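Participant: pasted the sequence and its predicted model underneath.
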Amino acid sequence: GPKVLQIPSHQIIDMGQMVTLNCDPVSNHLYFYWYKQILGQQMEFLVNFYNGKVMEKSKLFKDQFSVERPDGSYFTLKIQPTALEDSAVYFCASSLLDEQYFGPGTRLTVL
Amino acid sequence: GDQVEQSPSALSLHEGTGSALRCNFTTTMRAVQWFQQNSRGSLINLFYLASGTKENGRLKSTFNSKESYSTLHIRDAQLEDSGTYFCAAEAGNEKITFGAGTKLTIKP
């Protein structure tokens, strides 16, 4: 099936630093999403993005978070500055219409 | 409150047997997806349903929008079916809400 790629697979960073998580969505997809999964817990919606704009974001999408997809390249999630509670696996997803396809996740560890 | 209630939270099956997972929705959902999260943490798309029933191999899923539930049936369970299964439902705003997951363990 359609593949969503995420780079890097793991990222370890010191608290307070900036991190950018990269997502390479399915090529013809139009909608893009980020989800957060803290170890052992359920997946939580962060944000969705369409036509260059954030459509909806959850309470977990703090002011320190931002997303963009410059010139149709990677769909990125930037966290600046990072906090300890940002440690989690972040999943990117994309969809053409309704069905979302997920990447393998980026495990972010904030020390 | 939670919009997606998934049960059971954990399930243990012997190889060759079967069971069903269920998600109840507290609001009207437009569609549901089922995923298997494997031991590496990756999400595998199993089904996407806007209504009715779909079958794929030993898996079958039903989504009843009017009665606000969806089920995932597994038959003839195999060891590789072990993992955590999530349902995720879409209310119509392109945002999906995940259930808490069912940790499935298949025993020889």
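Facilitator: Sure thing, it's come through.

Participant: which parts of stretch B:16-35 are buried?
Facilitator: Residues of stretch B:16-35 classed as buried by neighbour count (16 or more other Cβ atoms under 10 Å in any protein chain shown): B:21-25, B:29-35. Backbone N, C-alpha and C define where each C-beta goes, glycine included.

Participant: of those residues, which are in range of chain A?
Facilitator: B:30-31, B:33, B:35 (Cβ under 8 Å from any Cβ of the partner chain).

Participant: for the residues you listed, which one is nearest chain A?
Facilitator: B:Ala31 (5.7 Å; Cβ to the nearest Cβ).

Participant: wait, doesn't the closest one sit right on B:Ala89?
Facilitator: Yes. With contact defined as Cβ atoms under 8 Å, B:Ala31 reaches B:Ala89; the gap is 7.1 Å.

Participant: how about the helix or strand encompassing A:Asn48, does it reach chain B?
Facilitator: Element membership for A:Asn48, per DSSP states H and E: strand A:43-50. Yes. Strand A:43-50 lies within reach of chain B by Cβ under 8 Å from any Cβ, at A:43-45, A:48, A:50.

Participant: of the residues you listed, which is the nearest to B:Asn56?
Facilitator: Within those, the smallest distance to B:Asn56 is 21.8 Å, found for A:Met43 (Cβ to Cβ).

Participant: and the helices in the chain?
Facilitator: Chain wasn't specified; assuming chain A. Here chain A has no helices by DSSP state H.

Participant: what parts of it come near chain B?
Facilitator: A:1, A:31, A:33, A:35, A:42-45, A:48, A:50, A:55-56, A:89, A:91, A:95, A:98-102, A:104-105, A:107.

Participant: what about burial for these, which qualify?
Facilitator: A:31, A:33, A:35, A:42-45, A:48, A:89, A:91, A:95, A:99-102, A:104-105, A:107.

Participant: looking at strand pairing, list the partners for A:Ser95.
Facilitator: Here A:Ser95 sits in beta bridges with A:Tyr31, going by DSSP bridges.
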